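Enquirer: Make a model of this:
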Amino acid sequence: MSQNVDNIQPSYPLFRNDEYKESLGNKRANFEEMHPAEKIQEVFEWTTTPEYQELNFQREALTVNPAKACQPLGAVLCALGYEKTLPYVHGSQGCVAYFRTYFNRHFKEPIACVSDSMTEDAAVFGGQKNMFDGLENAKALYKPDMIAVSTTCMAEVIGDDLNAFIGNSRKEGHIPDDYPVPFAHTPSFVGSHTTGWDNMQEGILRYFTLNYMEGKEVGSNGKINIIPGFETYLGNFRVIKRMLAEMDVPYTLLSDPEEVLDTPADGQFRMYAGGTTQDEVKDAPNALDTLLLQPWQSDKAKKFVQNTWNHDVPKLNIPMGLEWTDEFLMKVAEVTGKPIPESLAKERGRLVDMMTDSHAWLHGKRFALWGDPDFVMGMSKFLMELGAEPTHILCHNANKRWKKAMDKMLSESPYGQGATVHQGKDLWHLRSLVFTDKPDFMIGNSYGKFIQRDTLHKGKEYEVPLIRIGFPIFDRHHMHRDTTLGYEGAMYMLRTLVNAVLERLDEETRGMGTTDYNYDLIR
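Expert: Have a look, this model is predicted:
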């Protein structure tokens, strides 16, 4: 059983060859001890019923297909956004391999991140020795200008104290006294990747500014600070930069991984590229104000900026869709005194034109969606602006205040009246919902493809197609370069949504002489 060197096949269709089908059949018959196919189908059908949904929503001690990742994953992304910074995870090697692989699969880029490889002895006696060696070796081998330390479950369960360990590393001479090593405790068993991002952001801001506020004066540098939050669409960094440049507004992005996660293939390896500089962080308290692009995931950073830098941090929503992009730009204009240029007004008008053109196809279409709190809220808002109807809205890593705000926003639109908001639930809950109250489409990350396949397995009429917007996107390429923010991001999302509707219509009207009566080339 071997490949032919002259005709090497991928796994599909290779595994559909007779010899592989026979091998897999023997494995199933002799080793898997499967239940009969009839019983499997019976259980499958039961899991699509309202009765099963009621049991499913009573789950308390089990998560199935969680719509979130763990804290240190977010801490790593935040650290990657600072110039020549090496993310360093105090924990086991397997955890860091997971973080690097997760980001690698999404961004299709090598991800710089190290671990001090805690093992069984460190779990008993503590990981200080690992940190002594790890910090010294990481600095010598990879020559970063800064190492940003976060933790995993193991380090948190045994109570390792990062502040003490890093301080002792300096005393023992493993790293210089003035070498920057900000840190954040990021236990994986609470919160999510967005919590970890926020914790690391607060840790970096605290390290460079907490004890260095003498002489700082709000507004003295004439800039605004932008805190992006856990953001994996590189186009969003670019569109924010472009809009601010068109307004002639000087700014500092506090964590900017755009370049390091999108390096060119020109023969030169760039372990570090771009990013927010240390000088920019030190100067950030002198800004006019700080704006949060994803306020529902930036609690610690917000409190630090307000209490230590004395910035107002105005209340804003994520700048997705029409109204909330308007809100963002008007706030920037208010804070800086810079007018919104004609170029952005024209861009807004083009978006309104697109919305008008596509309204007939999106009006009344029902969408289930999931993701992080700010993304889900912004997407729901934009759907209602398009005349579409969000139905099942699920966010695993949101709090009760977010759900209250979501319910209020939905109640204020005629298109949100049929929506239900599910905070703290997972994608197995969503699977029940789309079976018992079928939407037209789902919007979310790659993990939703399993729900689509299950709905199709029950029958074509039950299928709920997946529109991939969110994080992570593993099974499609280059979508992380798109944008979801600003007028440009709204145009991208509108194009994606309406063309998914039209593609589905084409799929349903391909029967010659049966369903093609409504097929035309002008839509």
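Enquirer: most centrally placed residue in the protein?
Expert: Centroid-nearest residue in the chain, with Cα atoms, centre = their mean: residue 471, separated by 4.2 Å.
Enquirer: check contacts around that one.
Expert: Contact analysis of residue 471 by Cβ atoms under 8 Å, 6 or more residues apart in numbering lists 106, 232, 371-372, 445. Backbone N, C-alpha and C define where each C-beta goes, glycine included.
Enquirer: Next, the distance between the ends of stretch 240-253.
Expert: 9 Å (Cα to Cα, to the nearest Å).
Enquirer: List the buried residues for the lowest-mean-pLDDT helix or strand in the chain?
Expert: Lowest by mean pLDDT, DSSP states H and E among the helices and strands of the chain is helix 120-125, with a mean of 80. By neighbour count, with 16 or more other Cβ atoms under 10 Å as the criterion, the buried positions of helix 120-125 are residue 122.
Enquirer: now stretch 490-505
Expert: Neighbour counts using 16+ other Cβ under 10 Å place 490-494, 496-498, 500-501 of stretch 490-505 among the buried residues.
Enquirer: what is the mean pLDDT for it?
Expert: Taken as a whole, stretch 490-505 has an average pLDDT of 97.
Enquirer: how far is it from where the chain is centred?
Expert: 21 Å (Cα atoms, centre = their mean, to the nearest Å).
Enquirer: which residues sit against the longest helix seen in the chain?
Expert: In the chain, ranked by residue count with DSSP state H as the criterion, the top helix is helix 486-508. Applying Cβ under 8 Å, 6+ apart, the contact partners of helix 486-508 are 233, 235-236, 239-240, 242-243, 319-322, 325, 328, 344, 347-348, 350-351, 354-355, 358, 361-362, 365, 379, 382, 386, 388, 440-441, 443, 465, 467, 469, 482-484, 515, 519, 523.
Enquirer: need the contact list for residue 167.
Expert: Counting by Cβ under 8 Å, 6+ apart, residue 167 has no contacts.
Enquirer: Just the buried positions in the one helix or strand it maps to, please.
Expert: Secondary structure from DSSP states H and E places residue 167 in helix 162-171. Of all the residues in helix 162-171, those buried under the rule 16+ other Cβ under 10 Å are 162, 165-166, 169.
Enquirer: before we move on, what about stretch 344-356?
Expert: 344, 347-348, 351, 354-355.
Enquirer: The residue nearest to residue 166 when sequence neighbours are not counted and residue 85, how far apart?
Expert: Using Cβ to Cβ, 6 or more residues apart in numbering and skipping residues adjacent in sequence, the residue nearest residue 166 is residue 181, 5.1 Å away. Plainly put, residue 181 is 10 Å away from residue 85 if you go by Cβ to Cβ, to the nearest Å.
Enquirer: Now for those two: what residues contact both?
Expert: Common neighbours of residue 181 and residue 85 (Cβ under 8 Å, 6+ apart) are 146-148.
Enquirer: coming back round to it: restricted to helices, list the contacts of helix 486-508.
Expert: Counting by DSSP H, those contribute 235-236, 239-240, 242-243, 321-322, 325, 328, 344, 347-348, 350-351, 354-355, 358, 361-362, 379, 382 to helices.
Enquirer: Where does pLDDT dip in this structure?
Expert: 1-2, 518-519 (pLDDT under 70).
Enquirer: What segments of it are strands?
Expert: With DSSP state E as the definition, the chain shows strands at residue ranges 85-90, 114-115, 146-151, 224-227, 251-253, 289-292, 366-370, 389-395, 420-423, 441-444, 466-468.
Enquirer: Could you save the ones you listed as CSV and add columns showing distance to residue 212?
Expert: Shown next, in CSV, are the strands of the chain (distance: least, Cβ to Cβ, whole Å):
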stretch, distance to residue 212
strand 85-90, 19
strand 114-115, 28
strand 146-151, 16
strand 224-227, 16
strand 251-253, 16
strand 289-292, 17
strand 366-370, 41
strand 389-395, 37
strand 420-423, 39
strand 441-444, 42
strand 466-468, 44
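Enquirer: and residue 339, which of the ones you listed is closest to it?
Expert: In terms of Cβ to Cβ, the element of the strands of the chain nearest to residue 339 is strand 224-227, at 15.1 Å.
Enquirer: Relative to the whole chain's centre, how far out is that closest one?
Expert: Worked out by Cα atoms, centre = their mean, strand 224-227 lies 19 Å from the chain centre.
Enquirer: Can you list the buried residues in that strand?
Expert: 224-227.
Enquirer: Repeat that for stretch 463-477.
Expert: Those would be 463-473, for stretch 463-477 by 16+ other Cβ under 10 Å.
Enquirer: still on that earlier bit, compare neighbour counts for residue 181 and residue 85 and give me the winner.
Expert: Shown here are residue 181 and residue 85; by other Cβ atoms under 10 Å, residue 85 has more neighbours (26 against 21).
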